[in-house]
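In: coords below, sequence missing:
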């Protein structure tokens, strides 16, 4: 079963948090989370997401540079072969 926890409009990235669990295997909560705990958890998730997005963007940039360098090298080798 999937539960949806609405985090509100405070976060531009994490508007909704989906928590999936098997009710039979889930342990009963010993204490409820406060609004502050939920907000801190959402901020942690948002930070992790932004760090992950930054890492993916950095890898994409490096791949693009490598691809461009490969194209330049290929053109250079083609020009040498033509000469």
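Out: Right, received. Where do you want to start? Note that the structure is a prediction, hence the values are computed from the model and not measured.

In: quick one: the helices in the protein?
Out: 35-82 (DSSP state H).

In: what stretches of it score poorly on pLDDT?
Out: 1-31, 83 (pLDDT under 70).

In: try it again with 90
Out: Residues of the chain that meet the criterion pLDDT under 90 lie in 1-42, 45-57, 60, 63, 65-83.

In: Buried residues in stretch 50-70, which are they?
Out: Neighbour-count burial for stretch 50-70, counted by 16 or more other Cβ atoms under 10 Å, picks out no residue. In this view, the C-beta of every residue, glycine as well, is placed from N, C-alpha and C.

In: Please renumber the chain so that the first residue is 34 from this point on.
Out: Shifting the count to begin at 34 puts that one at stretch 83-103.

In: Contacts only, for residue 69.
Out: Not one residue lies near residue 69 by Cβ atoms under 8 Å, 6 or more residues apart in numbering.

In: measure it to residue 75 for me?
Out: 11 Å (Cβ to Cβ, to the nearest Å).

In: again, but for residue 89
Out: Taken as Cβ to Cβ, the span from residue 89 to residue 75 is 21 Å.

In: And residue 98, by the same measure?
Out: 35 Å.

In: So what's the residue count around residue 75?
Out: By other Cβ atoms under 10 Å, the residues close to residue 75 number 20.

In: And for the one 3 residues further on?
Out: Residues within reach of residue 78, counting by other Cβ under 10 Å, total 15.

In: Kindly report the same for residue 107.
Out: Residues near residue 107, counting by other Cβ under 10 Å, number 10.
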